Each structure stands twice: as C-alpha cells, then as structure tokens.
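Chemist: could you look at this predicted model? Sequence included:
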There are 2 protein chains.
Amino acid sequence: MSQSLPRRLALATPVILAAPLLAGRATPALAQAPAAQAPGFYRFKVGNFVVTTVHDGYNEQSLDGFVRNAPLADVQKVLAENFLPTDKFRIPFTITFVQTPTHFVVFDTGNGVTPAGATAGRMIENMAAAGIDPAKVTTVIQSHFHGDHINGLLNGAGGAAFPNAEVLVPGVEWGWWTDAGNESRTPEFQRGNFANTARRFAPYQGKVRPLAEGAEAVPGIRGMPAYGHTPGHTIYRVADGNAQFVFLADVTNRPELFAVMPGYHAVFDIDPTMAEATRRRVFDMVSADRLRVTGYHFPFPAQGFIEKTASGYRFIPGDWSSTL
Amino acid sequence: MSQSLPRRLALATPVILAAPLLAGRATPALAQAPAAQAPGFYRFKVGNFVVTTVHDGYNEQSLDGFVRNAPLADVQKVLAENFLPTDKFRIPFTITFVQTPTHFVVFDTGNGVTPAGATAGRMIENMAAAGIDPAKVTTVIQSHFHGDHINGLLNGAGGAAFPNAEVLVPGVEWGWWTDAGNESRTPEFQRGNFANTARRFAPYQGKVRPLAEGAEAVPGIRGMPAYGHTPGHTIYRVADGNAQFVFLADVTNRPELFAVMPGYHAVFDIDPTMAEATRRRVFDMVSADRLRVTGYHFPFPAQGFIEKTASGYRFIPGDWSSTL
C-alpha cells in the first residue's frame, strides 16, 4: 500500500483504536433535514421528439368500494403484494408533454387549481421546474373529460391556462358531455361532468377541435379509440418514424392493481365491461409490440412498458436516465 | 349542458367543421425543446429519519463478459425481458443520504471528479439540487472500496470532499486494501484498488474509523457483513424505532439482471460464489421481512422492495410520492 496512509490504521480490532484518533474533533453543526421533494418531471426522447412527464401530485381515495367487483380483502392482498398501502388508494396524476418539430403538445391538463394544502394540483409548479411555459403549448389533446383531466384547462383567474393552445378533443367524448340528453344515461355521481365540461372549455371557444375516431391530431400523433372508461375515452400513439410510444390515459388506473388484475372494475369506469375489454386489447397490443407507454395514473415518472403475465399484465418502469 | 358552450360544436363529423373555427388563428411561437433532465434526487422518510437518494449518473460497460457464468445470449434475453438495452450494460450509481437527529450520513461517495462529458460524476451537482451541503455531512459510511464508491471522497482540488466528516469503514475492508500483502490474493485487474484506497482516504487521516463486523456506526445505523463482492463488503440497516430500511450497496449490481438471476456472477465480484451466497441470504431476509431497500446500482431513485419469485427475486420500485 501507499506509504501516505499510516499502516497502524489497518487493525485487527479497529473500533478500539478509533477513539483516540477522533478525540477532540469538533462535531460539525448538524444540517437541517432538507424537507423538499424533488421536482416532479422526467424527460426522454422518442426519435427526435422530446417527451416530458410532469407530475400533478396525488389524491387519496377510500379503498372500500373502489374496485366494484372484488372483495376488499382481495384488493388489499394485491396492493400488499405490490408494496402499496392497503388502508387507502393513492391515485397519482402525471401529464405527458411532447415537443415535436411542429407542435408542443400536452395530453390532458391535470387537476388545475386546488385548495391550499391539497396534494394534487402541482402541474404548473412542476412545469416551471421543467422549464415549460404554458403560453408556449400549441396544442392541448384531451383523452376524456373527467375533472382530473380537464380541470387544469383553467388558470387561477378562470381564464385559459394554455392561452395560445388549440384544444383537440375526441369527437365522441365531446359529443357525449356537451349533450344534456346523455345525462340520464350517465351514472348519477358523474353527472357533474356535464356542467364541468362547459365551464372548463369556456375560455377556449373557437379553439376546440373535435377529432374523428382514429384521426391524426397533429403530425406524428394519432388517436386510438379506447372507450369504456368514458364513452369517448381516447388514447394516442406518438410516432417519429419507427420510434413511438402510446399515451394510455385511463386505460387503467394504477397498474399495480388493474394491470395485475385486468378484470377488476374501477368505480370511475362508466362502462366497466367495455373498459375491461379495451384494457385487455390495448395491453395485448403494447405488450406484444413492446411499445413504451405513459399512463396518467401510473407511478411517477409514469413511463415504461407493459409485460403480459400468466394471469394478467405488469407495468415495468422504464429505466431512469440522467441523459436524454 | 351549459349555454356558455355553443351546441354546434357537438358534431357528428367534427373534423370537417373544425377548419373554419380555427381560420386565422395565429400559430404561437414554438418552444425550444427543453433539453435538461430533472435533477437526480428523491426523498422519503423512515420514521423521523429523512433519506435522500442522489444520482451520480451512469457508466456503460461491454455486456460481453460482464456475467462470468452465463452465455451472452442468455444475459441478453434477461435484459430484453426487462426492457433494458442488450448491446451494452448501463450501470447507474445512486448514493443514499440519511439525516438522523444526531448525524447526517452519506453511504459511499460516488465516482468523484470525472472528465468533461462523462455520464458519471454528477453527485455534487445533484446534491446541490437537493440542498445538501457536503460540509454539513457529519459521517461518511463506506460499504467497500471499489473506485465508484470511494473516488468521491476527493474534491476537484484533491482535498476532502466532505471536509467535516468522520469516515466509517468496514474494518475487514480497510484491513484488506491497506495491506499490500493481499495484492497477490486479489484479481489482477482489481489491484489498482490498493493505491486508490491510499489516495482517496489520504485527506481524512485521523478521521477514519474502521468498524468491527456488525457494529453500530452511529445511533440507528448498524453494519451487516455482506462479503464476497469484496472481502469486507458491508451493508447497513438503518432504523428509527420500528421503521427501517437496508442500504444494500453492491449485494447486487442491477437487480433486473442479478436479482432476477441471482446465480449470475458479475465480473466485479472478487469471490463470486460467496457474493452469490450473500445475495441470496440478504434477499431472503429483506423479502421475508418486506424491508425497504436502497441499492447503489439500482435504477434511480434506487429505493423499493425485493420480492421473492419462483426462480429468483425481483426489485419492485417504491412508489414515488410528491410529499414526504
């Protein structure tokens, strides 16, 4: 060994000798525990497109009744196997931004302005951390019109949170929630979505463009019908040449529960049987094609892959990289 | 529906009507693709201790020969099943900090100063992003003396990167790498570690404290022998009351490969058979006890759980939370 290290430190009974070495050493002032969590954004490239997932925080939901067709104890067992809490259901929200050569797109818009102390509603501050200016977003693309996906269309003053954006919406979804005639065909606890749709889109009059089923939204981004969760729930395939990913929106809530148990029906699904069929069809596709996905309620940073297992599916988070 | 929304937008053939609605709308200036990745740190609490994992970047290694006892094609198959590259092996580095009421601890110290353009050596900048001042660290605790774990003991000027810290080291590891008599018993390609040990610890003379096997390092943190990867490789159990986690250091390299295939022997293991036995023993313990773990080469943020499977083990990342 180098002679710059004292050989006497290489000891058979090292702890005993340690004390004299340290005698008289000043104890440095103890740092305050740094309390802040890291900003919630993550970037990766898909071809030359730059994708940024931005966290909007989370909400907690009673677990009892969240899955409509399974006993609470079974649901708790699945959650425990996936090292998630079993006393409540934590639903995270993550928004996907895509920069293409021609458009700066955001898929869904988060919970918007929330009360002080709320654990959701952090998209704007996390966008700031990511260097994303809402005024630079050219295109909002909505998957469906549940409040946690459209409330962020409004800023704190009730105006357009994305003041320069065109808003592309699934035509079927738009048709449903803008026609009061559908109220009676909508579960009672979801009827507030009709008025909420009117309120949230109001500042975008003349800038809302309903999309036909399967239509291209902007170059490289195309809708794929994924009905069931809501009548017009739509996911999007994003492709730059051969490189592609799929924004899965609410094909599933947390994959640790509903990918592992694809037959589970979440309370928010308007047509749960159709939602399950959609989930299986989409998961079969993205797992067979090994397509990267982002999911709105996936664990942050909400990007990865779906693996088909013997009994269902499993979400495999994509590797985190410090470089793009 | 609300009368504030024009009913004519609810269309059967929405795309056709969209054009006139958008005619004359100015296209906003397209944002530059924001190029920066998120800072690499993540926080969680263990009891009242605050744990921060800090990313030090990654290195890429030839995959050929990295696993000593399996054909390349088999290794590539496992990597592909876990959606990792099959043309090279990417090794991430993540350092675990723990703030206790009495000590501010860092486990291992990263790659230190690296050449411009290197993908590793980002600990200091990520510490800054996390609000961690190296001068406030009271205690460096080393798992073992491979360069990617001790090089960061030095700052760019060759002085102590943690100028006020005591450095606690496994006594067995210290004894090995500070005794030139062990060189002949060390694989040739690892013999540089003797001189490197001398160099990296030099500025800490009088502040290095070798720990006896299984000894408490500081209140709440206790070493656990995990020999094999190196002769004195040691992991640490961190406990505040009943809340605890285990810093796994290099019990395994990437878990997607060596947890899934615990019998694989990595090229860096000095005694691969002992390293495998250690890995199985430690993984059996943390999976049975459902203990949270951090791992030095785990995918960032490098915290989660080990599940025992039919054929091996699987790392399940811990849920990412925007709150502590």
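Modeler: Arrived safely. Predicted model only: the values in this text are computed from it and were never measured.

Chemist: could you find the closest non-adjacent residue to residue A:250?
Modeler: Leaving aside its chain neighbours, residue A:250 sits nearest to residue A:229 (4.7 Å; criterion: C-beta to C-beta, 6 or more residues apart in numbering or on different chains). The C-beta positions use only the backbone N, C-alpha and C, and glycine is treated the same way.

Chemist: does the one you found sit in a helix, a strand or a coil?
Modeler: For residue A:229, the assignment made with DSSP: H, G, I helix; E, B strand; the rest coil gives coil.

Chemist: what about it, how many residues nearby?
Modeler: Residue A:229 has 26 neighbouring residues, counting by other C-beta atoms under 10 Å in any protein chain shown.

Chemist: would you mind writing the CA trace of the longest helix along chain A as PDB?
Modeler: Scanning chain A for the longest helix, with DSSP state H as the assignment, gives helix A:272-288. C-alpha atoms of helix A:272-288 as PDB (Å, rounded to 0.1, in the frame of the first residue of the first chain):
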ATOM      1  CA  PRO A 272     -66.700  -1.200 -16.900                       C
ATOM      2  CA  THR A 273     -67.200  -4.200 -19.100                       C
ATOM      3  CA  MET A 274     -66.200  -2.200 -22.200                       C
ATOM      4  CA  ALA A 275     -63.400  -0.600 -20.200                       C
ATOM      5  CA  GLU A 276     -62.000  -4.100 -19.300                       C
ATOM      6  CA  ALA A 277     -62.200  -5.300 -22.900                       C
ATOM      7  CA  THR A 278     -60.400  -2.100 -24.000                       C
ATOM      8  CA  ARG A 279     -57.700  -2.600 -21.300                       C
ATOM      9  CA  ARG A 280     -57.000  -6.200 -22.400                       C
ATOM     10  CA  ARG A 281     -57.000  -5.200 -26.100                       C
ATOM     11  CA  VAL A 282     -54.600  -2.200 -25.600                       C
ATOM     12  CA  PHE A 283     -52.300  -4.100 -23.100                       C
ATOM     13  CA  ASP A 284     -52.200  -7.100 -25.500                       C
ATOM     14  CA  MET A 285     -51.100  -4.700 -28.300                       C
ATOM     15  CA  VAL A 286     -48.500  -2.600 -26.300                       C
ATOM     16  CA  SER A 287     -47.000  -5.800 -24.700                       C
ATOM     17  CA  ALA A 288     -46.800  -7.700 -28.000                       C
END
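
Chemist: helix or strand next in line after that helix, which one?
Modeler: Where DSSP states H and E defines the elements, the next helix or strand beyond helix A:272-288 is strand A:292-294.

Chemist: which phi and psi does residue A:246 have?
Modeler: phi -120, psi 130 (degrees, to the nearest 10).

Chemist: show me what it is bridged to.
Modeler: For residue A:246, the beta-bridge partners are residue A:237, residue A:293 (DSSP bridges).

Chemist: hmm, residue A:236 and it touching each other?
Modeler: Yes: if you go by C-beta atoms under 8 Å, residue A:246 and residue A:236 touch, sitting 7.0 Å apart.

Chemist: pick out whichever of the two has more residues nearby.
Modeler: The residue with more neighbours, out of residue A:246 and residue A:236, is residue A:236; 27 against 23, by other C-beta under 10 Å.

Chemist: ends of stretch A:218-230, how far apart?
Modeler: Stretch A:218-230 has an end-to-end distance of 23 Å (C-alpha to C-alpha, to the nearest Å).

Chemist: can you list the buried residues in that stretch?
Modeler: Of all the residues in stretch A:218-230, those buried under the rule 16 or more other C-beta atoms under 10 Å in any protein chain shown are A:218, A:220-224, A:226-230.

Chemist: okay if I get those as JSON lines plus distance to residue B:193?
Modeler: Output for the buried residues of stretch A:218-230, formatted as JSON lines (distance: C-beta to C-beta, whole Å):
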{"residue": "A:218", "distance to residue B:193": "54"}
{"residue": "A:220", "distance to residue B:193": "50"}
{"residue": "A:221", "distance to residue B:193": "51"}
{"residue": "A:222", "distance to residue B:193": "54"}
{"residue": "A:223", "distance to residue B:193": "56"}
{"residue": "A:224", "distance to residue B:193": "54"}
{"residue": "A:226", "distance to residue B:193": "54"}
{"residue": "A:227", "distance to residue B:193": "60"}
{"residue": "A:228", "distance to residue B:193": "58"}
{"residue": "A:229", "distance to residue B:193": "56"}
{"residue": "A:230", "distance to residue B:193": "60"}
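
Chemist: quick one, grab the pLDDT at the spatially closest residue to residue A:192 that is not a sequence neighbour.
Modeler: The shortest distance from residue A:192 to any residue other than its chain neighbours is 7.8 Å, reached at residue A:147 (C-beta to C-beta, 6+ apart). With respect to pLDDT, residue A:147 has a value of 98.

Chemist: which residues touch residue A:147?
Modeler: Neighbouring residues of residue A:147 by C-beta atoms under 8 Å, 6 or more residues apart in numbering or on different chains: A:111, A:192-193, A:196.

Chemist: since that was my last question, I'll sign off now.
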